[in-house]
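**Student:** Fold the following, please.
(chains A and B)
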Amino acid sequence: MDQNVMVKVEHVSKQYRLGMIGSTTLREEMQRALAKLRKKEDPTRLIGDSISGNVGDLFYALDDVSFEINRGEAVGIIGHNGAGKSTILKLISQVTGPTTGCIELNGRVASMLEVGTGFHRELSGRDNIYMNGAILGMTKAEIDKKIEDIIEFSECRQFIDTPVKRYSSGMYVKLAFSVAAHLDSEIMIMDEVLAVGDAKFQEKCLGRMGDEAHGGRTVLYVSHNMNTIRALCSRVIVLDHGKKVFDGDVEQGITLYNGLKQLSGGTINLKQIKRHLDYIHRRQSLTALKIHTEDSRFEFGSIICGSLEVESQETIDNAGFFFRIQTVGNVAVTRMDTSDPIAIKGGENTFSFKWDVSQLIPGKYLLDIALTQRNSWGNVQILDYINEAYCFEIMAETEDPVLINWTAREYGYYIGPEILLT
Amino acid sequence: MDQSIYYKKITPEHKWYDLKLKEVWTYRDLVLLLVKRDFVAKYKQTVLGPAWAVIQPLLTTVVFTFIFGAVAGLADSGAVPTFLFYMCGNIAWQFFAGCLSRTGRTFVDNRGIMEKVYFPRLAMPISTCISQLVAFAIQAAMFVVFVVIYLFVPRFHIQITKFIILVPFLILQMMMLGLGCGIIICALTTKYRDLQMLIDFGVQLWMYGTPVAYSTKIFEGTPLIRIVNYNPMTPIINAMRYACLGPDCGQFDLKYYIVSVFTTFLILFAGIVLYNRAEKNFADTV
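**Tutor:** Predicted structure coming up:
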């Protein structure tokens, strides 16, 4: 590793045991120890497809990942949920150890997997700066030197000797970010911490991070927000299912990342899609989505026809649906609702629908589907919500005059209704 | 290979004999800040503040003096007041028990921090022990006040021996023993939560195996005396009483004391090795 390489990750894998992390029984433990003594294979280790999802199976959060990061580089790590982004950051910041492989670090690491780690409610802002700084690896003398800058940057001078429990959440976050931003470390690791604070402060943070990168600090940044990746990073690494699939130019990486989402087929079994814990074992659930075309590619300006199947254990007469459309980069585009209350009988129900996507500009999109109920007070309650239920593509028609010079970054993904001259 | 002073290599293997004590030293500011945080957070918004550190052992001592001393007659303290006999044992035991049970919960109590940022994990239990030491110092001051008061009561005879110079070492030893036991439990609880339930009960049980509520003299001549004496805490408490209150209510047996010191180092060493091993993947298991 030469002087310029700050982080070197070599063939790193991280393995988890599904469903029973840390809760192996004493008996299994003894069997394993015995097998180790007799130099036999671990009898409790399961063989076969490692990502099939059964309890006890081994799961690779990271699988043989290698890369190097040079001094002064700002590298973004992107990938879909579960691709291993956070795991790699955890490994580099030494919160957990790798299963195989090794990581070399040529400098101090400041990791911001969370802002305000170690903050104590009862301590004043000033005391918490010392506390947080020390946890992040600074000595008291170093903090003494920087405390004025930190307070200045945090915009909290007025309240600095007040216990942080009286802070607004915005102030809390500003203070926490300020400490981390002033660390004297050579390598800075960040996990989407910028999704906090008001817009002005976010801008300031981004600026600060940009300065850091240009000033010779090495920055590693994980985000779902492609805009901050574009603004901050000079290189991206794309992870997919624990493997590195791309390493290089930012725009190419983002394009590849967006392409990683597979288009759905015409019939989707919604029962099998994982839901948020809140929506498991509810009395009503969405069971299937059927779309009239098989390949999920639509021409610009089309209207999609399909049907939704709902299973219910009771009759309700005030249900509704909404569709939320997001880009493959997880930027929400729009939401569409049913207006009239829908009656659902006990058992299987099928609802046909027409879904107007004619105003979406060409590109790949994800659809979230929600089943809702309006209660007697008029509040809408979500009965079932399926995130990323359907992935589809709107195809470009080059001759369409509307789409000439359309950049999603500037105008968004949705074409508003036509202007009518009267 | 050119390396900066902060060069570090992370591998799945961990050498068991690498105790990482040097790293803890570089984070000494963190240890002190953690102690301060602990202290401030504990007594904020209380009326009596640090006085609480005194009230609890004082009340326990009164109860012990009455029940074990006056009613059961387990304190054989000669010309030394039973009250002081119990206070000495109690304060020392509370300190040890505090170190043990608080460090035993390190991983569970500080999960939030430890899952998010790296620092030498030993810094946490060490700071816990030091903050116990702060409380102990307050209690010791109270003890000194009572000793001085009783010195002027002609009925009693308190004899401070030359072993008083040993007291700082005894305190250090209790801290090391408490830390050692605590981090062993801590390391094992990452896998077996059951131990968490056993800490308080275990400490209670251990107390009855230590001459806190009684004097070892009552076992003299029975086979039990050997068992009690091999308990590493017994020589410490006995020596403590001997040093501060005189030969009437304590003794110093070099043989058992050496065994106790040896046990302490062994437990502490084993504790650090186990703790460092558990710490590595703790974020995945707790």
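
**Student:** In the stretch 101-250 of chain A, where is pLDDT below threshold?
**Tutor:** Applying pLDDT under 70 to the stretch 101-250 of chain A flags residues A:192-198.

**Student:** all strands for it, in order.
**Tutor:** A:109-112, A:187-191, A:218-222, A:235-240, A:243-248 (DSSP state E, counting those that start in this stretch).

**Student:** So which of these is nearest residue A:346?
**Tutor:** Evaluated with CB to CB, the strands of the stretch 101-250 of chain A place strand A:235-240 nearest to residue A:346, the distance being 41.9 Å. Bear in mind the C-beta positions are built from the backbone N, C-alpha and C, glycine included.

**Student:** Next, report how far that closest one is displaced from the centre of its chain.
**Tutor:** 14 Å (CA atoms, centre = their mean, to the nearest Å).

**Student:** Quick check: buried residues in that strand?
**Tutor:** Buried positions in strand A:235-240, judged by neighbour count with 16 or more other CB atoms under 10 Å in any protein chain shown: A:235-240.

**Student:** In a markdown table: those residues, plus distance to chain B.
**Tutor:** Supplementary listing: the buried residues of strand A:235-240 in a markdown table, determined by distance: CB to the nearest CB, whole Å:
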| residue | distance to chain B |
| --- | --- |
| A:235 | 22 |
| A:236 | 23 |
| A:237 | 18 |
| A:238 | 23 |
| A:239 | 19 |
| A:240 | 22 |
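
**Student:** Closest to residue A:203 out of these?
**Tutor:** Distance to residue A:203 across the buried residues of strand A:235-240 (CB to CB) is lowest for residue A:236, with 21.6 Å.

**Student:** For chain A, which segments are assigned as helices?
**Tutor:** A:26-37, A:85-92, A:125-135, A:140-154, A:169-181, A:199-214, A:226-232, A:250-259, A:408-411 (DSSP state H).

**Student:** go on, chain B?
**Tutor:** Secondary structure of chain B (DSSP H): helices located at B:21-26, B:28-43, B:51-64, B:82-104, B:106-109, B:111-114, B:123-151, B:167-189, B:194-208, B:224-230, B:233-245, B:254-280, B:282-285.

**Student:** Would you reformat the ones you listed as JSON lines and include distance to residue A:329?
**Tutor:** Formatted as JSON lines, these follow (distance: least, CB to CB, whole Å):
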{"stretch": "helix B:21-26", "distance to residue A:329": "41"}
{"stretch": "helix B:28-43", "distance to residue A:329": "39"}
{"stretch": "helix B:51-64", "distance to residue A:329": "55"}
{"stretch": "helix B:82-104", "distance to residue A:329": "47"}
{"stretch": "helix B:106-109", "distance to residue A:329": "38"}
{"stretch": "helix B:111-114", "distance to residue A:329": "31"}
{"stretch": "helix B:123-151", "distance to residue A:329": "40"}
{"stretch": "helix B:167-189", "distance to residue A:329": "42"}
{"stretch": "helix B:194-208", "distance to residue A:329": "44"}
{"stretch": "helix B:224-230", "distance to residue A:329": "67"}
{"stretch": "helix B:233-245", "distance to residue A:329": "62"}
{"stretch": "helix B:254-280", "distance to residue A:329": "35"}
{"stretch": "helix B:282-285", "distance to residue A:329": "29"}
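
**Student:** can you tell which of those helices is closest to residue A:91?
**Tutor:** Closest to residue A:91 of these, according to CB to CB: helix B:282-285, at 10.3 Å.

**Student:** interface residues of the stretch 1-150 of chain B facing chain A?
**Tutor:** Residues of the stretch 1-150 of chain B found near chain A (CB under 8 Å from any CB of the partner chain) are B:1-4, B:6-12, B:14, B:27, B:29-30, B:32-34, B:36-37, B:40-41, B:44-45, B:112-119.

**Student:** filter these to the buried ones?
**Tutor:** B:10, B:14, B:27, B:29-30, B:32-34, B:36-37, B:113-119.

**Student:** For chain B, give me the ranges with low pLDDT.
**Tutor:** Low-confidence segments of chain B (pLDDT under 70): B:1-4, B:285-286.

**Student:** Residue A:368 contacts residue A:391, correct?
**Tutor:** No - in this structure, residue A:368 is not within contact of residue A:391 by CB atoms under 8 Å, at 11.1 Å.
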